[in-house]
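Engineer: A predicted structure for the sequence below; I have some questions about it.
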Amino acid sequence: MNIIVSGASGQLAEAIRRHWQKHFLIMPPESELNLTSRESIQSTIQKYKPDVFVNCAAYTNVDAAEADAEQAFLVNAKAVQWIAEECNGTDTLLVQISTDYIFDGLSKSPYIENDLAKPCNVYGQSKFEGEIAALTSKKCLLFRTAWLYDTWGKNFFTTMLKLASQGKPLRIVDDQHGSPTSCRALARQLLFAVENQWRGLFNATCSGETTWYGFADAIFKKLNLTPNYSACNSSEYPTPVKRPVYSVLDNSKRKLQGPDLMGNWEDALEEL
Ligand SMILES: NC(=O)c1ccc[n+]([C@@H]2O[C@H](COP(=O)([O-])OP(=O)(O)OC[C@H]3O[C@@H](n4cnc5c(N)ncnc54)[C@H](OP(=O)(O)O)[C@@H]3O)[C@@H](O)[C@H]2O)c1
């Protein structure tokens, strides 16, 4: 298959570059495929007429999005509408990646696909509008994921390793719950879904749940690192933007559809 991947310099795109090698991957730099330009989207899709367009590009800086809402909605929602329209013209499958942040985090049990979206920040709202836009395409696969990390890119895992090497005491939030998900596990599941013609919306995180502190603790123990670290509450670590305190996704629908290639979050960490 001919596959365009947007957001080529991002962490999920990097996992796709490494794990989808049996397909012909077109990964234009942002200077060629910029989601703020409809013309750029149109000309790229018209040039390659891909079988699949995987949209890994997004405005992902949750704090910055709050003050830069116009740009966040342009990249995360309007651009997805443009991509969907263009994909309809070339009979291209649109693969869109969404987020646990479309939920407010007040649930006490894992969210299923049809639970009511109630984003509590601009990033979440813009990504939710991106979901609606993606679903207007005739052929759409929408994966909702969360807490992405890998050994490359800017994420919690690489940040913890960097901070641990600096030797300063670390305070890590222990009251936000989610499912750490490696980019390589997501890329593997996504490839299977694309190759087997899955369509529609699926939650796609590694299974199980923990807190940021629990995740950091597992990282340090697996790597035999011994920094000075302790747990704290979100109130002790204020950020400019509200975040869901509980954003675990229920993966049952995906597991009924086909094999679970993502596994438990601790196994995925071990794999790294
Ligand atoms: N990271 C997570 O924990 C997480 C959780 C749930 C869902 N997701 C979703 O998963 C997908 C992949 O996320 P990720 O973690 O791989 O993000 P990432 O590492 O931040 O990569 C996003 C990429 O999009 C690019 N980009 C931003 N604006 C663009 C534009 N106007 N045109 C073209 N490219 C643009 C970025 O380039 P620059 O670096 O140059 O800005 C970057 O390469 C996104 O849809 C994200 O919303 C992520």
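Structural biologist: Perfect, I can see it now.
Engineer: report the closest residue of the stretch 151-272 of the chain relative to the ligand.
Structural biologist: Gly153 (5.0 Å; Cβ to the nearest ligand atom). To be clear about C-beta, it is placed using only N, CA and C from the backbone, and glycine gets the same treatment.
Engineer: doesn't Glu14 make contact with that residue?
Structural biologist: Yes - between Gly153 and Glu14 a contact is recorded at 6.4 Å, counting by Cβ atoms under 8 Å.
Engineer: now do the shared contacts for these two.
Structural biologist: Jointly contacting Gly153 and Glu14 under the rule Cβ atoms under 8 Å, 6 or more residues apart in numbering are Cys183.
Engineer: and these two? Which one has more around it.
Structural biologist: Ranked by neighbour count (other Cβ atoms under 10 Å), Gly153 and Glu14 place Glu14 first, with 22 against 17.
Engineer: did I read that right, that one in a helix?
Structural biologist: Yes - using DSSP: H, G, I helix; E, B strand; the rest coil, the assignment for Glu14 is a helix.
Engineer: Ala268 versus that one, what's the distance?
Structural biologist: 16 Å (Cβ to Cβ, to the nearest Å).
Engineer: do Leu106 as well
Structural biologist: Leu106 is 27 Å from Ala268, by Cβ to Cβ.
Engineer: do the same with Ile41
Structural biologist: In terms of Cβ to Cβ, Ile41 sits 32 Å off from Ala268.
Engineer: if we can go back for a sec, specify the local secondary structure of the residue of the stretch 151-272 of the chain closest to the ligand.
Structural biologist: Using three-state DSSP, the structure places Gly153 in coil.
Engineer: is Phe24 in contact with Asn2, as I believe?
Structural biologist: Yes - when contacts are counted by Cβ under 8 Å, Phe24 is listed as touching Asn2 (5.0 Å).
Engineer: strands along this protein, start to end?
Structural biologist: In the chain, the strands defined using DSSP state E lie at 2-6, 24-26, 52-55, 93-99, 140-145, 148-149, 170-173, 177-178, 181-182, 200-203, 210-211, 229-232.
Engineer: rebuild those strands as CSV, extending it with mean pLDDT and distance to Pro119.
Structural biologist: Shown next, in CSV, are the strands of the chain (pLDDT from 0 to 100; distance: least, Cβ to Cβ, whole Å):
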stretch, mean pLDDT, distance to Pro119
strand 2-6, 98, 22
strand 24-26, 98, 31
strand 52-55, 98, 19
strand 93-99, 98, 9
strand 140-145, 98, 12
strand 148-149, 98, 18
strand 170-173, 95, 20
strand 177-178, 96, 15
strand 181-182, 98, 19
strand 200-203, 98, 16
strand 210-211, 98, 21
strand 229-232, 96, 25
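Engineer: same list (those) but as CSV, adding mean neighbour count and distance to Lys118.
Structural biologist: Formatted as CSV, those follow (neighbours: other Cβ atoms under 10 Å; distance: least, Cβ to Cβ, whole Å):
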stretch, mean neighbour count, distance to Lys118
strand 2-6, 22, 27
strand 24-26, 17, 36
strand 52-55, 26, 23
strand 93-99, 25, 13
strand 140-145, 22, 14
strand 148-149, 24, 22
strand 170-173, 18, 21
strand 177-178, 21, 16
strand 181-182, 26, 22
strand 200-203, 19, 16
strand 210-211, 18, 22
strand 229-232, 15, 26
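Engineer: near the ligand, which residues of the protein?
Structural biologist: Within the chain, the residues that sit near the ligand (Cβ under 6 Å from any ligand atom) are 6-7, 9-12, 30, 33-36, 56-60, 75, 97, 99, 127, 145-148, 153.
Engineer: pLDDT score assigned to Glu236?
Structural biologist: Glu236 carries a pLDDT value of 85.
Engineer: likewise for Pro240?
Structural biologist: For Pro240, the model assigns a pLDDT of 81.
Engineer: give me the residue from the chain nearest the ligand.
Structural biologist: Closest residue of the chain to the ligand, Cβ to the nearest ligand atom: Gly10 (2.1 Å).
Engineer: now that residue, nearest residue through space, not along the chain?
Structural biologist: Take Gly10 and drop its neighbours on the chain: the residue closest to it by Cβ to Cβ, 6 or more residues apart in numbering is Cys56, 5.4 Å away.
Engineer: swap in Ile132?
Structural biologist: Using Cβ to Cβ, 6+ apart, the nearest residue to Ile132 is Ala77, at 8.0 Å.
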